[in-house]
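Undergrad: dropping a prediction and its sequence here:
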Amino acid sequence: MSEQDVAIMESIAESVAESVAESMVQSMTDSQDGQGQEQSAAQNENASTENTETSQAATGSAPIGEGFAAEHGALKLDGTQLVDQNGDSIQLYGMSTHGIAWFPQFVSYDSFKTLRDDWNTNCVRLAMYTHEYNGYCTGGDQEYLKSLVRTGVDAATDLGMYVIIDWHVLQEQDPNVYKEQALDFFEEMSETYADHTNVLYEICNEPNGYATWENVKSYAEEVIPVIRENDPDAVIIVGTPTWSQDIDKAQADPLDFDNVLYAMHFYAGTHKDVLWNRLDSCVKNGLPVFISEFGMCDASGNGANDFDSAKSWFDVIERYNISFCCWNLANKDESSSVFKASCTKTSDWTQEDMNESGKWIRDYFRSKSNTPQ
């Protein structure tokens, strides 16, 4: 049994114990108030249970742990805005893992629980590299990598968080290089999570080099129908050329699918007014965007942080209520990792465990609504 399984079982046991204790207290109170009230309470409880079961059966959705994703349910696009099951505008924000094969220890219930409860996040992105470091398509253990994805999705679901399954294209440049593997992967993932209203799919992280928007669009036009065959209303994020910076190319020739967002990535130390003006212009002109990866340092993932530039980026992000995930949840010895290389903890982090970037983004998350006290 894994540490995560133990943690989950302990959490369940505690919840059951609390529930039993509360039931005993209520039972004593009801006895004092008379048999009529006791029977009425029991009938109301049974009716509530039946209504919940009927609702789940009607929607065909998987049960999600109490929390943000349970409250807001299935998402969709309304113009440039993500909206929840009630049609209300919603913003997802949280952390992206580093490559899950590199740092599997952070793909856990306890890690995500700390991100939810202490960092005030509602979303996590699972970055599965396809090429580098024994990637999914270059000799990596595919069953192991898929098990890590399942671990991450299950943890996020139990915690009531949204979760992005990221097909992390990078060194291969053009997503068509491993298109057949992508088709098989997303067919399996979308079949597995068709009833999960908290799962989003990012089908190509950062097309770059020779990859044009025409290349990416043709790839997306094959992958998206595979997902939609199992999950007709899935929210899908599509990367754009030049390391997901050329959203203007997508705006000029968008995909003909509903519930699709276009990825824009930035690193505040390198990318400044040219790109945030591009973001402003594209969203203003109707393009739905998801900032599925960003950092406060330079584009190498290292170097000095530029927090003033990051603040300028967030002026645009908050103006348009754009969702975002920060890179990266790891203790790699680089500026973009939110933990120091010396940090060995995978949850319950303190300020002493964090790099500058970790402290800054945690403070930013906590400055948003529903900040933990």
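TA: Nice, thanks for sending it over.

Undergrad: my guess is residue 116 contacts residue 161, does it?
TA: Yes. With contact defined as CB atoms under 8 Å, residue 116 counts as touching residue 161 (5.8 Å). All C-beta spots, glycine's among them, are computed from the backbone N, C-alpha and C.

Undergrad: looking at the two, which one has more neighbours?
TA: A direct count of neighbours by other CB atoms under 10 Å for residue 116 and residue 161 places residue 161 higher, at 26 against 23.

Undergrad: wait, what's in contact with the more buried one?
TA: 67, 68, 69, 94, 112, 115, 116, 121, 122, 123, 124, 198 (CB atoms under 8 Å, 6 or more residues apart in numbering).

Undergrad: give the closest residue to the last one in space, chain neighbours not counted.
TA: Just to be clear, that refers to residue 198. residue 69 (4.0 Å; CB to CB, 6 or more residues apart in numbering).

Undergrad: mind pulling up the pLDDT for that neighbour?
TA: The confidence metric pLDDT takes the value 97 at residue 69.

Undergrad: so residue 327 makes contact with residue 296?
TA: No. Contact status for residue 327 versus residue 296: not in contact, 9.7 Å apart, counting by CB under 8 Å.

Undergrad: between the two, which has more neighbouring residues?
TA: Counting neighbours by other CB under 10 Å for residue 327 and for residue 296 shows that residue 296 has the greater number, 29 against 25.

Undergrad: so residue 330 sits against residue 103, correct?
TA: Yes. With contact defined as CB under 8 Å, residue 330 counts as touching residue 103 (4.3 Å).

Undergrad: sticking with the residue nearest to residue 198, tell me its helix or strand.
TA: Assigned by DSSP states H and E, residue 69 belongs to helix 68-72.

Undergrad: can you tell me what sits against that helix?
TA: The contact list for helix 68-72 (CB under 8 Å, 6+ apart) reads 64, 84-86, 88, 90, 122, 156-157, 160-162, 197-198.

Undergrad: out of those residues, which is most surrounded?
TA: Going through the contacts of helix 68-72 with other CB under 10 Å as the criterion, the one with the most neighbours is residue 156, at 31 neighbours.

Undergrad: OK, contacts around it?
TA: Applying CB under 8 Å, 6+ apart, the residues contacting residue 156 are 69, 112, 124, 162, 163, 198.

Undergrad: which stretches in the stretch 1-150 of the chain count as helices?
TA: Here the stretch 1-150 of the chain has its helices, by DSSP state H, counting those that start in this stretch, at 3-33, 35-59, 68-72, 109-117, 142-158.

Undergrad: just the contacts of helix 68-72: which are in strands?
TA: Residues of these located in strands (DSSP state E): residue 162.

Undergrad: out of the contacts of helix 68-72, which comes closest to residue 364?
TA: Within these, proximity to residue 364 (CB to CB) peaks at residue 122, which comes in at 13.8 Å.

Undergrad: what does the closest one show for phi and psi?
TA: phi -130, psi 10 (degrees, to the nearest 10).

Undergrad: quick check: closest non-adjacent residue to it.
TA: residue 68 (4.2 Å).

Undergrad: just give me the neighbour total for that neighbour.
TA: By the criterion of other CB under 10 Å, residue 68 has 21 neighbours.

Undergrad: likewise for residue 244?
TA: By other CB under 10 Å, the burial measure for residue 244, its neighbour count, is 28.

Undergrad: I'd say it and residue 263 touch.
TA: Yes. Distance between residue 244 and residue 263: 4.4 Å, which falls inside the contact criterion (CB under 8 Å).

Undergrad: find residues that contact each of these two.
TA: Listed as contacting both residue 244 and residue 263 by CB under 8 Å, 6+ apart are 205, 206, 292, 293.

Undergrad: pLDDT and distance to residue 189 for those - can I get that in JSON lines?
TA: Formatted as JSON lines, the entries for the shared contacts of residue 244 and residue 263 read as follows, by pLDDT from 0 to 100; distance: CB to CB, whole Å:
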{"residue": "205", "pLDDT": "98", "distance to residue 189": "15"}
{"residue": "206", "pLDDT": "98", "distance to residue 189": "20"}
{"residue": "292", "pLDDT": "98", "distance to residue 189": "17"}
{"residue": "293", "pLDDT": "98", "distance to residue 189": "19"}
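
Undergrad: hmm, back to that, residue 324 versus the residue nearest to residue 198, what's the distance?
TA: 17 Å (CB to CB, to the nearest Å).

Undergrad: same question, residue 256
TA: If you go by CB to CB, the gap between residue 256 and residue 324 works out to 26 Å.

Undergrad: would you map the helices across the stretch 151-300 of the chain?
TA: In chain order, the stretch 151-300 of the chain shows helices spanning 179-192, 213-230, 241-244, 247-252, 273-284, with DSSP H, counting those that start in this stretch as the criterion.

Undergrad: appreciated, that's everything.
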